[in-house]
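Trainee: got a sequence here, can you build the structure:
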Amino acid sequence: MEKTIIQTRNDTYFLRFTINAHCEAEEILGIPITQLGDNAGISTMRTLLYVGLKHGGRPVTMDQAGNIMEQIIEEKGMEFFSTKISEAVQRSFNKQNNDNYKRNQGFKKKG
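Mentor: Down below sits the predicted model:
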């Protein structure tokens, strides 16, 4: 599964939302990710960053995720940050839908 890259002046972050990442985010947030829509607040965005980083190969604490989020927003703006989070989550939905389509059409998985 592809990772979404967020680059800052000082670091590069990789976000990945696997099935387990979706479940973990939903358990923390208490609602399905599919119900977030445009009403996601700062805490929700921090949680998604926390989970995305963890499953992207960089486990951090929730506070560290908040610090990273703050750094990204200071450098690139809130719109950039929220777009990247949305992109990462959507990429995982697209991958799952594509895999389901291939499975239903009888394609064999490579590898």
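
Trainee: identify each buried residue in the one helix or strand Asp63 maps to, please.
Mentor: Using DSSP states H and E, Asp63 sits in helix 62-76. Buried positions in helix 62-76, judged by neighbour count with 16 or more other CB atoms under 10 Å: 65-66, 68-69, 71-73, 76. All C-beta atoms are positioned from the backbone trio N, CA, C, and that covers glycine.

Trainee: before we move on, what about stretch 25-44?
Mentor: Using 16+ other CB under 10 Å as the test for burial, stretch 25-44 gives 25-26, 29, 33, 36, 40, 44.

Trainee: so which of these are in helices?
Mentor: Filtering these for membership in helices, criterion DSSP state H, returns 25-26, 29, 44.

Trainee: where does the prediction get shaky in this protein?
Mentor: For the chain, applying pLDDT under 70 flags the ranges 1, 94-111.

Trainee: where exactly do the strands run in it?
Mentor: Secondary structure of the chain (DSSP state E): strands located at 4-7, 12-15.

Trainee: tell me which of the ones you listed sits nearest to Leu53.
Mentor: Set against Leu53 and scored by CB to CB, the strands of the chain come closest in strand 12-15, at 6.2 Å.

Trainee: and the closest one, which strands flank it?
Mentor: Using DSSP bridges, the neighbouring strands of strand 12-15 in the sheet come out as strand 4-7 (antiparallel).

Trainee: what's the partner strand in contact with?
Mentor: 12-16, 52, 56, 72, 81, 84, 87-88, 91 (CB atoms under 8 Å, 6 or more residues apart in numbering).

Trainee: and with 10 Å instead?
Mentor: For strand 4-7, the surrounding residues in contact (CB atoms under 10 Å, 6 or more residues apart in numbering) are 12-17, 49, 52-53, 56, 68-69, 71-72, 75-76, 80-81, 84-92.

Trainee: so for it, what gets flagged as buried?
Mentor: Going by neighbour count (16+ other CB under 10 Å), the buried part of strand 4-7 is 4, 6.
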